[in-house]
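Chemist: dropping a prediction and its sequence here:
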Amino acid sequence: MAQDKTAEVFVFEDTYFFTTKTKINKVQEDRIFLQNTPLLKRFALLGKRIHFKYATFVLPSRVLGKSEKEIVISLPTLSSESPAGDRRSARVPPSHIHPLRLFIDKEGAEVEYEVVDISEGGFSILLKDPLELDLFLSKREVKVHIDFPVEAEEVRGMARLVNIQELDEGKIKLGFEMLIDDADMVKVRFYVYSRIKEILKG
């Protein structure tokens, strides 16, 4: 049985915005086919710019086609100059089949951490030992190394701690802003985009 995939659509007007939930029927190349609803028929006009939310990301899109049962929207085209969506809103979990590996320099040695999610702007990791938090609080920035095995690419640079979230069972999630050069930013951008397509098609 096919997985039920529900997405949210936002259509902005001059003085208000319309939002609804609908189902993703299929994804073909750079087009997403959504189940039409009575108000989508009214507000999602051909050529209209809309926003599409699914899983952990929000993407700008455009209405490409409509029928009685479906609405067709665009999957943003990626380029090395611009991200698919907002740098911070397009957060994706790493692939379990081809996981990325992330290392942070800890007193001269690279220590691997579990990645919760990654975006073009930053990433989150999981601390299993709460005592490690003091190490990150004592440093404003840390050296980071991210290995993307599928793309045979790696990124090296600095990262700044920007948020701390306490989870169940004593685990702590740390959010970091990446401070890397433009060439490495493009590598992250393409990884995030490939994961968006995998998640939509999965």
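Modeler: Received the coordinates, thanks.
Chemist: from here on, just use CA atoms for contacts and neighbour counts.
Modeler: Will do.
Chemist: quick one: low-confidence parts of the chain?
Modeler: Screening the chain residue by residue with the criterion pLDDT under 70, one finds the ranges 1-3, 78-89, 150-152.
Chemist: ok, the residue lying farthest from the centre of the chain - contacts?
Modeler: Of all residues in the chain, Glu68 has its C-alpha farthest from the mean position, at 31.0 Å, by Cα atoms, centre = their mean. By Cα atoms under 8 Å, 6 or more residues apart in numbering, the contact set of Glu68 is Asn36, Lys41.
Chemist: helix/strand/coil for it?
Modeler: Remark: Glu68 carries the secondary structure label coil [criterion: DSSP: H, G, I helix; E, B strand; the rest coil].
Chemist: for Asp30, phi and psi?
Modeler: In this entry, Asp30 is assigned phi and psi values of phi -110, psi 30 (degrees, to the nearest 10).
Chemist: which residues in the protein form strands?
Modeler: 6-12, 17-28, 31-35, 49-54, 57-66, 70-74, 101-106, 109-118, 122-127, 141-148, 153-166, 172-179 (DSSP state E).
Chemist: tell me the angle of the longest one relative to strand 122-127?
Modeler: Note on geometry: by axes from the mean of the first three to the mean of the last three Cα atoms, to 10 degrees, strand 153-166 and strand 122-127 are set 60 degrees apart in direction.
Chemist: do the last one as well
Modeler: Orientation check (the same axes, to 10 degrees): strand 172-179 against strand 122-127 gives 150 degrees.
Chemist: likewise the fourth one?
Modeler: For the pair strand 49-54 and strand 122-127, the angle between their directions (the same axes, to 10 degrees) equals 10 degrees.
Chemist: any idea how far Ile73 is from Met158?
Modeler: Between Ile73 and Met158 the distance, using Cα to Cα, to the nearest Å, works out to 37 Å.
Chemist: equivalent analysis for Ile32, please.
Modeler: With distances defined as Cα to Cα, the gap from Ile32 to Met158 amounts to 36 Å.
Chemist: what about those two, which has more around it?
Modeler: Set side by side, Ile32 and Met158 show unequal neighbour counts under other Cα atoms under 10 Å, the larger going to Ile32 at 22 against 18.
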